[in-house]
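# Sequence plus predicted model, see below.
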Amino acid sequence: MTSATSNLTSGTSNLTSVTSNLASATPNLTSDTSNLTSGTSNLASATSNLTSDTSNLTSGTSNLTSATSNLTLNSFNYSLKHKKTFRD
């Protein structure tokens, strides 16, 4: 009976220790889950911003290409319009 009582006391002590550890770990788990949720939200927002920035950069590059083309064409037209002939 002494052995059984000793085992019961030891088991109860272990259960108390596990319960205490679980109680201690639960707030940390809750905090970690909250941080993970927040981090995931921030990542989604950053990804959206990157997509938008990439789109704007593509559009800006296209506009710059178009403006360069127009400038080249206008310069060519100007040179044709003001071209001097050998008679001049």
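That came through fine. Residues are numbered from 1 along each chain as shown.
# Residue 29: how many residues sit nearby?
By other CB atoms under 10 Å, the residues close to residue 29 number 10. C-betas here are computed from N, CA, C, even on glycine.
# Next: residue 18.
10.
# again with the one 3 residues further on
Residue 21 has 10 neighbours, counted by other CB under 10 Å.
# name the element it belongs to?
helix 2-81 (DSSP states H and E).
# give me the low-pLDDT residue ranges for the chain?
Applying pLDDT under 70 to the chain flags the ranges 84-88.
# how about 90 then?
Residues of the chain meeting the criterion pLDDT under 90: 1, 80-88.
# ok, now how distant is residue 49 from residue 62?
Taking CB to CB, to the nearest Å as the measure, residue 49 falls 20 Å from residue 62.
# rewinding a little: check the offset of the helix holding residue 21 from the chain's centre.
In terms of CA atoms, centre = their mean, to the nearest Å, the centre of helix 2-81 is set 5 Å apart from its chain centre.
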